[in-house]
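Colleague: let's see this in three dimensions:
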Amino acid sequence: MKIRVLFFLSIFCFSCSKVTPRRPIQPKPSTTILKETIKESKRLNALENQKIIDVIRRDSTTNYLVSPNGFWYTYVNKITKDSPIPQPGDVVTLAYNIQDLEGNIIYSKEELKTKTYTVDKEDFIAALQYGIKLMKIGETITFVIPSYNAYGVVGDGKKIGINKSIKSTVTLINIKQ
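Modeller: From the prediction side, this is the model:
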């Protein structure tokens, strides 16, 4: 009986001692992974931007403008008279196509049909959301859009692959306020 009591008493005493968990040999904090991901994304974006700049340089007959929103554009048909431009909440009607950087049609205007879009209230290609606000009724603009302002790392799941830069020629047909 004394042995049993002693046995349980010893188990009780030793089980109450504090066990210190082992630390990782070389810990890698999640912030390091995040920093590496950001660094790699910046490198890929710089390569993509350089590719776009090379395409624009080859098209020496066209004058491209740089948007502060991360895309390039050129007027195909510019309206010089004073006309309204779309404001947030306006409903615009537009026709557009999507091409790759070499000019091959991915989606034609006929495939995409005429689009009705509420400015800043609906989801649409990020660069075109900004670009439409530069346009007047009747204008046609070609946008050169890096992937991070288009369909990004996922593509569209159909014809546009991952990290694909695109060109889109947009004609603004109407603005309803």
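Colleague: for stretch 104-120, C-alpha coordinates in CSV please.
Modeller: Below are the C-alpha coordinates for stretch 104-120, written out as CSV (Å, rounded to 0.1, in the frame of the first residue of the first chain):
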residue,chain,number,x,y,z
ASN,A,104,-4.1,39.3,-82.2
ILE,A,105,-7.8,39.4,-81.4
ILE,A,106,-8.7,37.5,-78.2
TYR,A,107,-12.3,38.7,-77.9
SER,A,108,-13.8,40.7,-80.8
LYS,A,109,-16.4,43.5,-80.4
GLU,A,110,-19.0,41.1,-81.8
GLU,A,111,-18.2,38.5,-79.2
LEU,A,112,-18.3,40.9,-76.3
LYS,A,113,-21.3,42.8,-77.7
THR,A,114,-22.2,46.3,-76.5
LYS,A,115,-21.6,46.7,-72.8
THR,A,116,-23.6,48.9,-70.4
TYR,A,117,-21.5,49.8,-67.4
THR,A,118,-22.3,51.9,-64.3
VAL,A,119,-19.1,54.0,-63.7
ASP,A,120,-17.4,53.0,-60.4
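Colleague: contacts for that stretch, please.
Modeller: 86-100, 124, 129, 132-133, 159-160, 166, 173 (CB atoms under 8 Å, 6 or more residues apart in numbering). Every C-beta, even on glycine, is put in place using the N, C-alpha and C of the backbone.
Colleague: which of those fall within strands?
Modeller: Residues of these located in strands (DSSP state E): V91, V92, T93, L94, A95, Y96, I98, Q99, I166, I173.
Colleague: returning to that earlier point: now the buried members of the contacts of stretch 104-120.
Modeller: Listed as buried from the contacts of stretch 104-120 are 86, 90, 92, 94-100, 124, 129, 132-133, 160, 166; burial here means 16 or more other CB atoms under 10 Å.
Colleague: and the residue nearest the centre of the chain?
Modeller: Residue closest to the average C-alpha location in the chain (CA atoms, centre = their mean): Y148, at 3.1 Å.
Colleague: in stretch 123-143, what counts as buried?
Modeller: In stretch 123-143, counting by 16+ other CB under 10 Å, buried: 124-137, 139-143.
Colleague: what about the longest helix in the protein?
Modeller: helix 30-58 (DSSP state H).
Colleague: that one: what's the following helix or strand?
Modeller: Next in sequence after helix 30-58, counting helices and strands by DSSP states H and E, comes strand 65-66.
Colleague: and the following helix or strand past that next one, what does it pack onto?
Modeller: Heading C-terminal from strand 65-66, the first helix or strand you meet, by DSSP H and E, is strand 72-77. Helices and strands touching strand 72-77, as assessed by 3 or more CB pairs under 8 Å, 6 or more residues apart in numbering; DSSP states H and E, comprise strand 65-66, strand 140-145.
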